[in-house]
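>>> Curious how this folds, go ahead:
(chains A and B)
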There are 2 protein chains.
Amino acid sequence: MILSGCGQQDGTEVTEAVLSHLSLVRAGCEVLFFAPSGPQARVIDHTTGHATAETRDALVESARIARGRIRPLSELDPAHVDGAWLPGGSGALQTLAPTPPRGAQPVALPDLSRVLRALHADGKPIGAVCIAPLTVLAALGAGEVTLGPDPSLGPRAAALGGVAHPTHADQPWVDTARRLVTVPAFMDHSAGIDRVATGIERAAEAFVAWATHPARAAAHVIVS
Amino acid sequence: MILSGCGQQDGTEVTEAVLSHLSLVRAGCEVLFFAPSGPQARVIDHTTGHATAETRDALVESARIARGRIRPLSELDPAHVDGAWLPGGSGALQTLAPTPPRGAQPVALPDLSRVLRALHADGKPIGAVCIAPLTVLAALGAGEVTLGPDPSLGPRAAALGGVAHPTHADQPWVDTARRLVTVPAFMDHSAGIDRVATGIERAAEAFVAWATHPARAAAHVIVS
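Okay, here's the model as predicted:
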């Protein structure tokens, strides 16, 4: 699991990370945590939504979710894992795939591109929650994903070479050809934690089916 | 739910808070978040375990878990809620019930004592996870709890007027007479997130039975 801080407005969305961890473990995974070492794109006071003058390190803050057991993304060898999973939160886009000052589109960190492209080339699955599918598209340049029920987000996926299918929180989208599963979670603003959890559970089941039983993948296309 | 920051080593344990939120909602609760406004007892780099020179506000950091929807503990009117739930983490003890500089025992914040004593007097349930049962004992002065499988923690409960029963992560302890349910979670160092979740789910079921169907409480004494 690749984190980017600790908090929905400037890092990894906490609820999505914990529910992903639980769902992946219950589906049979061992979960290892990684995050980029270096400053978060921003630090936000989550009671006001306003930026603060602080600087916080994405790896150090991510350790709050991972209970300390986390390593720098630069040390992630894709040959040693069976897939990658990205929870959402603003940091999943702004820190993992920042938009350059004069750029129009997010660009994945080199370490993230390295890892996701290698996994993809090896037929290993990638899971992404909430806004993180855009980050995956920034790294891979193609994919069918969901960004939640709002169809106006489609052009953002298209600009990165992808297609966004509007779905609700409990409805993952499975791109079987690319072994890519995405789920809206809190991108569905009507959803409470219960439906968010259901969607992540279903996405984790599809993900694990690829990671451990490649031949079964087709049986998991229908997950909603 | 009463939080105390965002991170196991200096605030609320993130995993326990999210799993508590999910379990309480799935058991039928509406969950409101509160935290004391003011500096955390300390700030710890969760990659090293060392204290930093930073100051962070417990309410502001807790908002990272609550997704911004959180109010000061001072505004919590116990007449308007059906119970209280405290996830663990070092902040649940150090910030919610700090030990005075020359004191031997933790002392609950006045707002916490006010809330927990009023709830208790009204027969409303209190749930506490991990180390937080000590905080509840500091407020109430009595109770049968669990602090996990390590029996050497018994004297810490006894010093606050309580009794600690050693149990594992998936085994809540239910003090039926006091409508107090506690569960070890990560105080059971052998437990992974799956067993921690199971224990919290069971504790939430016992808690909600009291909150909504007082007559059913006895049926929930056996939860392991």
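>>> The longest helix seen in chain A: how far from the chain's middle?
Using DSSP state H, we find that the single longest helix of chain A is helix A:193-212. Relative to its chain's centre, helix A:193-212 lies at 13 Å (CA atoms, centre = their mean, to the nearest Å).
>>> How far does stretch A:15-28 sit from its chain's centre?
With CA atoms, centre = their mean, you get 13 Å for stretch A:15-28.
>>> if you look at it, does any of it touch chain B?
Yes. Counting by CB under 8 Å from any CB of the partner chain, chain B is contacted by stretch A:15-28 at A:15, A:18-19, A:21-22, A:25-26. Glycine gets a C-beta too; all of them are placed from N, C-alpha and C.
>>> model confidence over that stretch, on average?
Stretch A:15-28 shows a mean pLDDT of 97.
>>> and A:Val145, bridged to which residues?
Beta bridges link A:Val145 to A:Ala164 when assigned by DSSP bridges.
>>> is it true that it touches A:Ala164?
Yes. Assessed by CB atoms under 8 Å, A:Val145 is found in contact with A:Ala164 at 5.7 Å.
>>> Can you pull the residues that touch both of these two?
Jointly contacting A:Val145 and A:Ala164 under the rule CB atoms under 8 Å, 6 or more residues apart in numbering or on different chains are A:133, A:157.
>>> Quickly check: stretch A:71-80 near chain B or not.
No. If you take CB under 8 Å from any CB as the test, stretch A:71-80 misses chain B, and the best it gets is 9.4 Å.
>>> any idea how far B:Leu119 is from A:Val43?
To B:Leu119, A:Val43 is 35 Å away according to CB to CB, to the nearest Å.
>>> more neighbours, these two?
More crowded of A:Val43 and B:Leu119, by other CB atoms under 10 Å in any protein chain shown: B:Leu119, with 22 against 19.
>>> does the more buried one count as helix, strand or coil?
Following DSSP: H, G, I helix; E, B strand; the rest coil, B:Leu119 is assigned to helix.
>>> Who are the contact partners of the nearest residue to it once chain neighbours are set aside?
Nearest in space to B:Leu119, with sequence neighbours left out and distances taken as CB to CB, 6 or more residues apart in numbering or on different chains, is B:Pro78 at 4.9 Å. Shown in contact with B:Pro78 (CB under 8 Å, 6+ apart): B:84, B:114-115, B:118-119, B:122, B:124.
>>> now the residue nearest the centre of chain A, which residues is it bridged with?
For chain A, A:Leu86 is the residue whose C-alpha lies nearest the centre (CA atoms, centre = their mean; 2.4 Å). According to DSSP bridges, the residues that bridge with A:Leu86 are A:Ala128.
>>> So it sits against A:Pro125, correct?
No. A:Leu86 sits out of contact with A:Pro125 when judged by CB under 8 Å, with a separation of 11.9 Å.
>>> Would you mind naming what in chain A lies close to chain B?
Residues of chain A lying near chain B by CB under 8 Å from any CB: A:6-9, A:11, A:14-15, A:18-19, A:21-22, A:25-26, A:45-47, A:49, A:59-61, A:63-68, A:70, A:186, A:192-194, A:197.
>>> 7 Å instead, please
A:6-8, A:14-15, A:18-19, A:21-22, A:25-26, A:45-47, A:59-60, A:63-65, A:67-68, A:70, A:192-194, A:197 (CB under 7 Å from any CB of the partner chain).
>>> Write a PyMOL command that selects only the buried members of the residues you listed.
Remark: buried members of the residues of chain A next to chain B, expressed as a PyMOL selection using 16 or more other CB atoms under 10 Å in any protein chain shown:
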select buried, chain A and resi 6+7+8+14+15+18+19+21+22+25+26+45+46+47+59+60+63+64+65+67+68+70+193+197
